[in-house]
Structures are given as structure tokens and as C-alpha cells.
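> I'd like to go over a predicted model; first the sequence, then the structure.
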Protein chains: 2
Amino acid sequence: MAAIKVHGFHASTATNMVLCCLNEKQVEYDFVLVDLLTGAHKKPQYLALNPFGVVPTIQDGDLTLFESRAILRYLAQKFKGQGTDLLGSTLSEEALVYQWCEVEGQSFNPPVSTIVSQILVVPRRGGSTDEAAVEMNIEKLGKVLDIYEERLSKSKYLAGDFFSLADLQHLPHTHYLVNACGKGDLISSRKHVNAWWEDISSRPTWQKVAENMKVN
Amino acid sequence: MAAIKVHGFHASTATNMVLCCLNEKQVEYDFVLVDLLTGAHKKPQYLALNPFGVVPTIQDGDLTLFESRAILRYLAQKFKGQGTDLLGSTLSEEALVYQWCEVEGQSFNPPVSTIVSQILVVPRRGGSTDEAAVEMNIEKLGKVLDIYEERLSKSKYLAGDFFSLADLQHLPHTHYLVNACGKGDLISSRKHVNAWWEDISSRPTWQKVAENMKVN
């Protein structure tokens, strides 16, 4: 059987979610570089795979699939009995995994991606960081992390006492927030969030991905 | 077995996604009103169920679950053999359902919810609609709908030739956009999107929900 192809870019947070998941599931893959710096994601060849022109997209046999969080679910289901179980063991556990995946997508991602973009991406494109936007989103993110702190005082991971897709989805953006944006205090100032971050970010499957995330 | 409790509010788009899904799955439920107008969603009793203080939240036996899109998945899985199948019949079909669910959550929802909020909600709270924000988000939404138009020229529904959660997730916001915001041209000007909207919005399961969405 041909290996899964991952069309992605090494600095992309969404690509790195998928690579970490493939490592957790012990699945071999072929990486196909879509060079965002040369606009490869907006060329017809790539748009035929993904009309939104964003990375990543995977190809697994006849299936072409985009949207990183949907790719994670597909991999976690397809390789259910292999590597780390990322969905819990009952329907209720799986429901809580998806609940916290949605919290990541709807409440954590909007402020954190704005902060990371304003501090890391905008200046590289010759713009100036919008400090007011950064401050406003730090406040929003802080409120979300206060809820995480309460949750993580009761269970080791977000969905329960097992590492899941819900935790995994937080890795790439939090990595940039802590290691490249100078905003690690958002994490370290919260005891249980900090212990959770230390735990999940030290997983070998993630370390392997993080090595290739070129910040500078 | 006790019926599922849905804590929600009749004008809430997220609540109405869940009610439509329960109708599709032919599942009885008890509706518990969380009156957003009196701030019931920010009181300790509700925050104990959902720390984010938003609706809906469901209770099914021992399970308390929030995040509307995670609730949809739970219901579609738990009642897989009952009512309408909303997930497709193979792993690949289910992957495409989740792909388009993510497109709704990440690309359709941000602009449409801003438009609906600016036109419908802000004036009711004594504010003035930010017309520039409305215009900017109409442009963003139009680009997303152009991709839908292309997709729906090839398959009857978003994930394939079957109605799924991906289509269902679009009902509440599009209902307000068309019927309460005067922005129906975004839909009717696109042939395949319009046919899709006419189809999905005429489902009896949705009509029953829409009757209770008090716009005025």
C-alpha cells in the first residue's frame, strides 16, 4: 500500500498537528513540500487538491482530504488499533475529546493565531505588529486558559486522564507562543496548564516535529 | 431511560443546530430554557455545566457535553442506526463529512456570524451596525461561497450525494442571513448554492426548528 502523502509546509501549525498525529499513530508518510514562500499553495496544481489554497492536504489512496482537524480525526479512526489511542475508549470519552477539540478550534485558536501572526508573521512581511490587537487577544486567551486551569486541576489532560487529539491540537500554536513570541508567562503563570504543557510538549512524537519548525 | 436534556435558547444558532439534529435522528428531548436575555448563561448553576457560559449544553445520563458541533457528532454516532444517517457509510465518506464540518466552523462561520451579529444583534443592544465590518465579511463569505458553488456543481450536498452534518451545520446562520438580514442574494446569485439551500432548508426537521426562531 502506498504511503500517505502529506502536502504541507514545515512552519505551518496545521501541518505540524498532522505530522505529530502521524508520529503518534506510527504511520509512515511522504512529505510533499508546498512552499508558501513562493506561493505554491495558490497555483492550479495545488488548488485542484484543496480549493481553499491552504496547507495541509493529505492523499491516502483515492481519498484527498484537507482541514487539519478533520485529517486528525480520520487518522485517529483509521489507525484506531495502532500507536497511541487518541480518541478515548468509550463513546462518552470520544465525545469529550471532540468537545475539547472544538474548544481549541473555536476559542483557543482565534486569539492564539492572531497573537502568533502579529508577533511572528506580520514583521517578516514588512508590516508592524498591531500591539493593541496583541493585547486584546492576550486578554481573550487568558480567559480561555483560566477555564483550562480549572479543568486541568481535575483531570490530567483536557478530555480526561488520557492524552488525546484535544491536547495534540494545542501543540503547534502553544510552541510558537512560548518559544518564539515571548508569551510563555501565559502558560507558566498557571500551575496546572504549565504542568500539562510540560507533559505534552515533551512527547517524543512532538519533539521530532518541533525540531523542524524553523522559527528564525 | 431519561430523555436527553438540551439547555439552550430559541434564537441561538448553535442551539438550533442541535435541535435539528435531534429531529433528524428522531430522538425525544427535554428543552431547558437558558434565558440569555436575563443572563442565565452567566449564573453559577449554568457555569457548573458549561464553564464558557454559552449555549447549548446537553445532559445525557451521566454525560454533560457542550460545543454544538461536538454534540452533533455525538448524537450522529450514538444514534447511528436511527433516523437519517448523517455521517456517510464509509470511513472516507465520514472523513469528507468532517472536512466540510470544519470548513463550516473555520471558514463559513466567522464571516457569517459577524454579519448576522452586526445586522441583527448589535442594534437590539442599542449599538450601531459597523457597516465596514459587514462589507468586509460579505466579501470574505462570498469567496467561501464561490468554492461551495464549484463543489455543489459536482455533488448534491457538501460531503457527497447524501445530506450530512456538514450541510446541517449551515442551516441556522444561513436562515438568518437570508430571512432576517436581507442578504439572500449571497445565496440566490449562485445557482448550485441556491438549489442546495432550497433543498436543505425545506427539510421538515429544519422547518420545525425555524418556526421557533423568533427574529423579531
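Cool, got the structure.
> contacts and neighbour counts: CA atoms only from here.
OK.
> after the lowest-mean-pLDDT helix or strand in chain A comes which helix or strand?
Within chain A, no helix or strand scores below helix A:122-124, which has a mean of 94 by mean pLDDT, DSSP states H and E. With elements assigned by DSSP states H and E, the helix or strand that comes after helix A:122-124 is helix A:131-152.
> list the helices and strands that next one packs on?
With contacts defined as 3 or more C-alpha pairs under 8 Å, 6 or more residues apart in numbering or on different chains; DSSP states H and E, the packing partners of helix A:131-152 are helix A:109-116, helix A:185-188, helix A:191-201.
> using CSV, list the CA coordinates for that helix.
Provided in CSV are the C-alpha atoms of helix A:131-152 (Å, rounded to 0.1, in the frame of the first residue of the first chain):
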residue,chain,number,x,y,z
GLU,A,131,0.2,45.9,19.6
ALA,A,132,-3.5,46.7,20.5
ALA,A,133,-4.6,43.6,18.7
VAL,A,134,-2.0,41.6,20.6
GLU,A,135,-3.1,42.9,24.0
MET,A,136,-6.8,42.3,23.3
ASN,A,137,-6.1,38.8,22.2
ILE,A,138,-3.8,38.1,25.2
GLU,A,139,-6.8,39.1,27.4
LYS,A,140,-9.1,36.8,25.5
LEU,A,141,-6.7,33.9,25.6
GLY,A,142,-6.1,34.4,29.3
LYS,A,143,-9.8,33.9,29.9
VAL,A,144,-9.8,30.7,28.0
LEU,A,145,-6.7,29.5,29.8
ASP,A,146,-8.3,30.2,33.2
ILE,A,147,-11.0,27.7,32.2
TYR,A,148,-8.3,25.2,31.2
GLU,A,149,-6.6,25.7,34.6
GLU,A,150,-9.8,24.8,36.4
ARG,A,151,-10.3,21.8,34.1
LEU,A,152,-6.7,20.6,34.4
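> would you mark the buried spots in that helix?
Neighbour-count burial for helix A:131-152, counted by 16 or more other C-alpha atoms under 10 Å in any protein chain shown, picks out A:134, A:137, A:138, A:140, A:141, A:142, A:144, A:145, A:148, A:149, A:151, A:152.
> return the residues in contact with the nearest residue to the last one once chain neighbours are set aside.
The spatial neighbour of residue A:152 that comes closest, neighbours along the chain excluded (C-alpha to C-alpha, 6 or more residues apart in numbering or on different chains), is residue A:192 at 5.6 Å. With contact taken as C-alpha atoms under 8 Å, 6 or more residues apart in numbering or on different chains, residue A:192 is in contact with A:149, A:152, A:153.
> which among those gets closest to residue B:5?
Nearest to residue B:5 among the contacts of residue A:192, counting by C-alpha to C-alpha, is residue A:152 at 26.1 Å.
> hang on, isn't that closest one packed against residue A:161?
No - the pair residue A:152 / residue A:161 is not scored as a contact, 9.7 Å apart, by C-alpha atoms under 8 Å.
> any chance of the buried residues of helix A:131-152 in a markdown table, with pLDDT and distance to residue A:37 too?
Supplementary listing: the buried residues of helix A:131-152 in a markdown table, determined by pLDDT from 0 to 100; distance: C-alpha to C-alpha, whole Å:
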| residue | pLDDT | distance to residue A:37 |
| --- | --- | --- |
| A:134 | 98 | 24 |
| A:137 | 98 | 27 |
| A:138 | 98 | 28 |
| A:140 | 98 | 30 |
| A:141 | 98 | 29 |
| A:142 | 98 | 32 |
| A:144 | 98 | 32 |
| A:145 | 98 | 33 |
| A:148 | 98 | 35 |
| A:149 | 98 | 37 |
| A:151 | 98 | 39 |
| A:152 | 98 | 38 |
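> of those residues, closest to residue A:123?
Closest approach to residue A:123 among the buried residues of helix A:131-152 (C-alpha to C-alpha): residue A:134, at 13.3 Å.
> okay but that closest one is in contact with residue A:112, surely?
No - in this structure, residue A:134 is not within contact of residue A:112 by C-alpha under 8 Å, at 9.3 Å.
> now do the phi/psi pair for the nearest residue to residue A:47 once chain neighbours are set aside.
Among residues not flanking residue A:47 along the chain, residue A:53 sits closest, at 5.5 Å (C-alpha to C-alpha, 6+ apart). Main-chain torsions, residue A:53, degrees, to the nearest 10: phi 60, psi 40.
> and the nearest residue in space to residue A:54 that is not next to it in sequence, how far from chain B?
Excluding the flanking residues, the one nearest residue A:54 by C-alpha to C-alpha, 6+ apart is residue A:41, at 6.1 Å. Separation of residue A:41 from chain B (C-alpha to the nearest C-alpha, to the nearest Å): 16 Å.
> identify the residues contacting residue A:41.
The neighbours of residue A:41, taking C-alpha under 8 Å, 6+ apart as the test, are A:34, A:35, A:47, A:53, A:54, A:55.
> all good on my end, thank you.
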